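Q: take this sequence and fold it.
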Amino acid sequence: MVRFFLILAFYATSLAGCADASRSGTPQLCESEKKESVCRVSFRALAADPASFDGRKVRIEGYLVVSAGLFVLSSSKELFDAGVADEVFVRIRGPLDSQRQMYDQHGYSWVSVTGTFKTKERNGTTDDILIGELHPPTEVRALRFPIPRRRETFDEAAIDLKDLN
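A: Numbers count the residues shown, from 1 in each chain. Predicted structure coming up:
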């Protein structure tokens, strides 16, 4: 039990440092001119002005999925489930084995991805739904607590005696 609280305290302090430093929604690190430093950016900021992040190392949080044949980071699980595609995806690029490993470990879960953001020219293809692309070197981290959730079995369900007949 003590171990659980230590892990919880660690994640709480880690996440406290992730809060936006400015009121505009764009993290303060992204406002600096240092292109070599990693800055945290939101999907909203990327969609509003993708060119201002072109070539920058960024960290973005989202839902890692495959959509329309592309390996992407979605701004939300709800928009992905609803089929919304325009300006909610950032494509993950890099070596195929690296992409497969990311997917096997983190597919269909909430993650934080760090990589170099690049804009994509509109060319009348499926790629036009993208805000841009994240290029290697990429780093992916799970945003969920590493605590296994116990799933109840059907045998634990309450049975109404009327259902036995």
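Q: okay, CA-based contacts and neighbour counts for the rest of this
A: Fine.
Q: so what's the residue nearest the centre of the chain closest to, chain neighbours aside?
A: Within the chain, the residue whose C-alpha comes closest to the C-alpha centroid is residue 62; the distance, by Cα atoms, centre = their mean, is 2.2 Å. With Cα to Cα, 6 or more residues apart in numbering as the criterion, residue 62 has its nearest non-adjacent residue at 5.0 Å, and that residue is residue 75.
Q: local confidence estimate at that neighbour?
A: Residue 75 carries a pLDDT value of 91.
Q: distance of it from residue 64?
A: Residue 75 sits 9 Å away from residue 64, going by Cα to Cα, to the nearest Å.
Q: quick one, which of these two is more surrounded?
A: Higher neighbour count among residue 75 and residue 64: residue 64, with 28 against 22, using other Cα atoms under 10 Å.
Q: remind me, longest strand of this structure?
A: What stands out as the longest strand in the chain, according to DSSP state E, is strand 130-142.
Q: please enumerate the strands of this structure.
A: Along the chain, counting by DSSP E, strands occupy 39-40, 57-67, 70-74, 89-92, 109-118, 130-142.
Q: mind listing what's buried in stretch 84-95?
A: Buried residues in stretch 84-95, defined by neighbour count with 16 or more other Cα atoms under 10 Å: 85, 87, 88, 89, 90, 91, 92, 93.
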